[in-house]
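Peer 1: Fold the stuff below for me.
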Amino acid sequence: MSAKDRHRALGDARILWEFVQFLYRDKPAADIDAAVARILKTPSLPSQLPANVLDSIPEAPGVYRFYGLIRFPFTLGKSINLRERVAAHFSSDYRSANDLRLSTEITRIEIEETAGELGALLREFTAHQDAVTGV
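Peer 2: Numbering: from 1, shown residues only. Prediction:
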C-alpha cells in the first residue's frame, strides 16, 4: 500500500465538508440541529421484525417483553409510553452494546397495556416474579 492509497477517502471527506458548509449557509442552524436530532432518534428496527411493528404498539402505559429463540422473554420493561420506550431500544442500538445485542436477538415483542404508571409498575413486578418461578 502506498502513501497515496492510504488517503483515498480524503476527497469524500472534503465533499461532505463542503455540503455541510452549504447547509449552514442556506438553512438556520436550529433547523439543521433539529433534523439531525430527529434522524438520530429514528429507530433502526432489527431486520427480523416486521417493518410496521412499532405502529401496532400503543402510546399507553404498560409492560413490554422482548423474545428471542427461547420460550421466555430476555428483556422485560415498563413504560408510561410503550411505543416511545420500545423504539428507544432501537434508536441507539449502534451506541449501546446491550441494545445492539437486543437488536440481533429479538424475534418478537409482546405488549401488555395497564391502567396507568402504577399498573405498569405492579405488572412489571409480577412479570418478574412469574419469570423467576417459571410461570
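
Peer 1: Distance-wise, check residue 106 relative to residue 36.
Peer 2: Taking Cβ to Cβ, to the nearest Å as the measure, residue 106 falls 27 Å from residue 36. In short, each C-beta sits where N, CA and C put it, glycine included.

Peer 1: more neighbours, these two?
Peer 2: Legend: neighbour count by other Cβ atoms under 10 Å for residue 106 and residue 36, higher for residue 106 (21 against 10).

Peer 1: thinking the more buried one is in contact with residue 67, fair?
Peer 2: Yes - counting by Cβ atoms under 8 Å, residue 106 touches residue 67, with 7.0 Å between them.

Peer 1: Just name the shakiest helix or strand of this protein by mean pLDDT.
Peer 2: The least trusted helix or strand in the chain, going by mean pLDDT, DSSP states H and E, turns out to be helix 97-105, with a mean of 74.

Peer 1: if you go through the chain in chain order, where are the helices?
Peer 2: 10-26, 29-41, 82-91, 97-105, 117-133 (DSSP state H).

Peer 1: low-confidence ranges in the protein?
Peer 2: Across the chain, the ranges flagged by pLDDT under 70 are 1-7, 39-43, 92-96, 99, 131-132, 134-135.
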